[in-house]
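In: Structure of the sequence below:
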Amino acid sequence: MSSYQEVYQKSVEKPEEFWAEAASKLHWYKKWEKVLDDSNAPFYRWFVGGKTNLCYNAVDRHALGSKRGQAAIIWESPETGQSRILTYYQLYKEVNRFAGVLKNLGVGKGDRVLIYLPMVVEAAIAMLACVRIGAIHSVVFAGFSYNALADRIDDAQPKVVLLADAGHRNGKPVPLKGIVDKALETAKHKVDHCIILNRGIAEFDTVPGRDLDWETALAEKGENYVEPEEMDSTDPSYILYTSGTTGKPKGVLRDTGGYMVALHNSMEQIYDVGEGDVYFSTSDIGWVVGHSYIIYAPLLKGVTTIIYEGTPIYPDPSIWWQVVEKYGVTHVFSAPTAMRILRKYPEEHLKSRDVSSLKYLFLAGEPLDDSTWKWASDALGVKVIDHYWQTETGWPILSNMPGVEALPIKPGSPTKPVVGYKLKVVDANGDPVPKGQKGFLVVEPPLPPGNLMTIWGDDARYKNSYFGFFQDKLLYMTGDYGIEDEDGYFWVLGRADEVINVAGHRLGTREVEEVISSHPAVAEGMAIGVKDEVKGQAIICLVVLKEGREPSEEISKAIINLVREKIGPVATPKEVKFVKMLPKTRSGKIMRRVIKAVAEGEQIGDLSTLEDGASIEEVKKAIESMKAQLG
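Out: Purely as a prediction, here's the structure:
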């Protein structure tokens, strides 16, 4: 057994040797000539000269081997009351059939296919069919507005759009076909075909010559077998648009071989997944977690993955634990937001279910506060592992690595850098700061395999956005503040642009929110900086209380005193406002800009750019909700 330190040191000191060993566990039509080409930094290329296929490694390798009859995908939809299980061989057959449809519609290597589907098995089949034939897929979260969708259509310029009549959320249909029609009317780019999965949920109109029915297309154009395209390791696999900036969408472009190797390795070393395990990522295929840890990583590893259509509380707050019990789930990957939602409800919802199969709960996507970590640890009785990564990285940057060695947990810290990442905390000049001091969280190149190759169609933006922050140093900027402690553990303090400046003192929202959430009455809390004539900004705390607790002056004072005591007088909140809920995007991110705009009484301008990751309708509802709650 190697220790974390031994494995990590090898990965950063001998990266070519380390990643060559990891790559050798997968299938290559032709072995690479060079493990890492860093001659054109910061455009790092992995396994150059190697030829492989992501679909072959995720599907064929298992379906045509010993795992033919093993469950590959379990689809569970509390929204529709339906379930479906596909073995690896059944998945293989379905992927080939749909690959035939795409091929016979003229889609080939390098062509783009845009996927606007809810959480259904067909979404996974479509993604795998694309990488089988070398087409570049771009999954857009089925809930984005027609404007956001039109922007992505114009940027990716797909030949084909895949969609459904509707999705389902909290027991209500979410029509999708009308959104796509409006997006295609708005977009400048014209697509050749739309393939519509008719779930019988919503009525819709079809456009003759453009719109095809999914089942009809399979019957008329599907094939029993489509030869996997031999892809260069450095060929693109997909484009995934990420939030963060307004204006032109930012399409993260992923390679084929490096991504495949990184994900497969992460399942062993980070997630400690082995034979017979069942992996349940509660995310959506529209986000990076859905790509990496609902679809590709579990299938590359040859385990069972769950595709879940629904929320954590519909039809009741025990639903996720029912899924764990029903299928013997061993690993759950979710977000702190979801745990904070579930924490509001009585624990009987959880305790009434047999979750004894569960080994780990992994949480990522936003900072995990101590109190939520403790609640989840106590309630589930399993290791709760906080880890940190980004759409751009494709897999974790910071995590405990129980597949190598389980390090002691420090609640609030995502532990240490995972293999391949040389992480630093630096000042505005890019120079390291002393341990225990706050600075910018950066990665010293080369970035390990699996990270973004570039921004689709915009190399200059890639260099400027991620490597252009420091004048004379080539460092990957995560955009987050962090601290490295004396033990080498890292603490992520939230976005560098989510900073409250009180009388010249810069405070990360995470620092304040950690303290708010530690109060026993608080289910969820957030801090925002609002304009203050004297101090520049003042802190306002928005608090959601646990079920059964009522807003009171006593709780308000206690929270203010707690923040003052833990951080210092400069951080003393101006006010605590109790709210029933914090508006969030569908991916679970709090709509900070909406809350801030409402709290400051600003004129709210262009809604489409106010919250990237939410439809205009969702933003409107969030604004009305916040106006009502904040008076």
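In: that's a helix at Val515, yeah?
Out: Yes - residue state for Val515 (DSSP: H, G, I helix; E, B strand; the rest coil) corresponds to a helix.
In: ok, now which ones touch it?
Out: Val515 sits next to 562-563, 566-567 when contact means Cβ atoms under 8 Å, 6 or more residues apart in numbering. No exception for glycine: its C-beta is placed from N, CA and C like everyone else's.
In: between these, which has the most around it?
Out: Val563 (28 neighbours; other Cβ atoms under 10 Å).
In: Over to it: give its phi and psi.
Out: When read as degrees, to the nearest 10, the backbone of Val563 gives phi -60, psi -40.
In: thinking again about what came up before, need the contacts of Val515 in CSV with secondary structure, can you?
Out: Formatted as CSV, these follow (three-state DSSP):
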residue, secondary structure
Leu562, helix
Val563, helix
Lys566, helix
Ile567, helix
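In: Which of those residues sits closest to Ser145?
Out: Val563 (36.5 Å; Cβ to Cβ).
In: pretty sure that closest one contacts Pro569?
Out: No - if you go by Cβ atoms under 8 Å, Val563 and Pro569 don't touch, sitting 9.9 Å apart.
In: got a pLDDT number for the residue nearest to Lys109 when sequence neighbours are not counted?
Out: Distances taken as Cβ to Cβ, 6 or more residues apart in numbering place Gly134 nearest to Lys109, at 3.3 Å, with adjacent residues excluded. Model confidence at Gly134, given as pLDDT, is 98.
In: count of residues packed around Gly134?
Out: Neighbours around Gly134, by other Cβ under 10 Å: 23.
In: can you pull the contacts of Val502?
Out: Contacts of Val502 by Cβ under 8 Å, 6+ apart are 529, 532, 535-539, 570-571.
In: Please, which helix or strand holds Val207?
Out: Under the criterion DSSP states H and E, no helix or strand holds Val207.
In: ok, it to Asp192 distance?
Out: Here the criterion is Cβ to Cβ, to the nearest Å. By it, Val207 lies 12 Å from Asp192.
In: and what of Phe144?
Out: Distance from Phe144 to Asp192, by Cβ to Cβ: 22 Å.
In: hmm, back to that, return the residues in contact with the residue nearest to Lys109.
Out: So Gly134 contacts 108-110, 229, 231, 235 (Cβ under 8 Å, 6+ apart).
In: if you set the cut-off to 6 Å instead, what comes out?
Out: Taking Cβ atoms under 6 Å, 6 or more residues apart in numbering, we find Gly134 in contact with 109, 229, 231.
In: Next, it: phi, psi?
Out: Per degrees, to the nearest 10, the backbone of Gly134 is at phi 90, psi 10.
In: about what we covered before: out of the contacts of Gly134, who's the most crowded?
Out: Met231 (26 neighbours).
In: neighbours around the closest residue to that one other than its chain neighbours, how many?
Out: Nearest non-adjacent residue to Met231, counting by Cβ to Cβ, 6+ apart: Thr256, 4.8 Å away. Neighbour count of Thr256, defined by other Cβ under 10 Å: 27.
In: same deal with Gly457?
Out: Using other Cβ under 10 Å as the criterion, the residues surrounding Gly457 number 13.
In: same thing with Gly69?
Out: Around Gly69 there are 10 residues (other Cβ under 10 Å).
In: Give me the neighbour count for the closest residue to it other than its chain neighbours.
Out: Leaving out its chain neighbours, the residue that sits closest to Gly69 by Cβ to Cβ, 6+ apart is Thr87, at 5.3 Å. Neighbours of Thr87 under the rule other Cβ under 10 Å: 18.
In: With Lys188 instead?
Out: 8.
In: so who does it touch?
Out: With Cβ under 6 Å, 6+ apart, Lys188 has these contacts: Asp154.
In: tell me the pLDDT at it?
Out: pLDDT at Lys188 comes out at 97.
In: Equivalent analysis for Ser243, please.
Out: 59.
In: For the stretch 401-550 of the chain, which residues score under the pLDDT cut-off?
Out: Low-confidence segments of the stretch 401-550 of the chain, defined by pLDDT under 70: 497, 504-506.
In: And for the stretch 1-150 of the chain?
Out: In the stretch 1-150 of the chain (pLDDT under 70), the answer is 1.
In: where do the strands sit along it?
Out: Taking DSSP state E, counting those that start in this stretch, the strands of the stretch 1-150 of the chain run over residues 34-37, 45-48, 51-52, 71-77, 82-87, 112-116, 136-139.
In: buried residues in stretch 337-347?
Out: 337-345 (16 or more other Cβ atoms under 10 Å).
In: Now flag whichever of these is closest to Val404.
Out: Nearest member of the buried residues of stretch 337-347 to Val404, counting by Cβ to Cβ, is Met339, at 25.4 Å.
In: which ones are touching the closest one?
Out: By Cβ under 6 Å, 6+ apart, Met339 lies in contact with 372, 376.
In: Following element in sequence after the helix or strand where it lies, please.
Out: Element membership of Met339, judged by DSSP H and E, is helix 336-343. Per DSSP H and E, helix 336-343 leads on to helix 348-351 as the next helix or strand towards the C-terminus.
In: Can you give the distance of that next one from its chain's centre?
Out: Relative to its chain's centre, helix 348-351 lies at 27 Å (Cα atoms, centre = their mean, to the nearest Å).
In: So what touches it?
Out: Looking at what lies outside helix 348-351 - Cβ under 6 Å, 6+ apart - the contacts are 317-318, 321, 379.
In: What distance do you get for Val418 to Leu407?
Out: 11 Å.
In: coming back round to it: distance to Lys584 added to the strands of the stretch 1-150 of the chain, as TSV?
Out: Below are the strands of the stretch 1-150 of the chain laid out as TSV (distance: least, Cβ to Cβ, whole Å):
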stretch	distance to Lys584
strand 34-37	39
strand 45-48	35
strand 51-52	38
strand 71-77	22
strand 82-87	27
strand 112-116	21
strand 136-139	20
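In: out of those strands, nearest to Glu484?
Out: Here strand 34-37 is closest among the strands of the stretch 1-150 of the chain (Cβ to Cβ), at 25.8 Å.
In: how about the strands in the stretch 201-350 of the chain?
Out: Counting by DSSP E, counting those that start in this stretch, the strands of the stretch 201-350 of the chain are 211-213, 231-232, 238-242, 250-254, 278-281, 304-308, 331-334.
In: partner strands of the shortest one, parallel or antiparallel?
Out: The one in question is strand 231-232. strand 51-52 (antiparallel) (DSSP bridges).
In: hmm, who's touching the strand it pairs with?
Out: Contacts for strand 51-52 (Cβ under 6 Å, 6+ apart): 28-30, 230, 257.
In: count of residues packed around the residue nearest to Ala58 when sequence neighbours are not counted?
Out: In space, and not counting its chain neighbours, Ala58 is closest to Leu299: 3.9 Å by Cβ to Cβ, 6+ apart. Neighbour count for Leu299, taken as other Cβ under 10 Å: 27.
In: Next: Val433.
Out: Using other Cβ under 10 Å: Val433 sits among 16 other residues.
In: where's Val332 relative to Leu452, distance?
Out: Counting by Cβ to Cβ, the gap from Val332 to Leu452 is 27 Å.
In: Repeat that for Gly488.
Out: Applying Cβ to Cβ to Gly488 and Leu452 gives a distance of 26 Å.
In: Of those two, give the one with the bigger neighbour count.
Out: Leu452 (26 against 14).
In: I figured that one hits Val252, correct?
Out: Yes - in this structure, Leu452 is within contact of Val252 by Cβ atoms under 6 Å, at 4.6 Å.
In: any residues in contact with both of the two?
Out: Shared contacts of Leu452 and Val252, counting by Cβ under 6 Å, 6+ apart, come down to Glu392.
In: Centroid-wise, who is the farthest residue in this structure?
Out: Distance to the chain centre peaks in the chain at Val534, reaching 39.4 Å (criterion: Cα atoms, centre = their mean).
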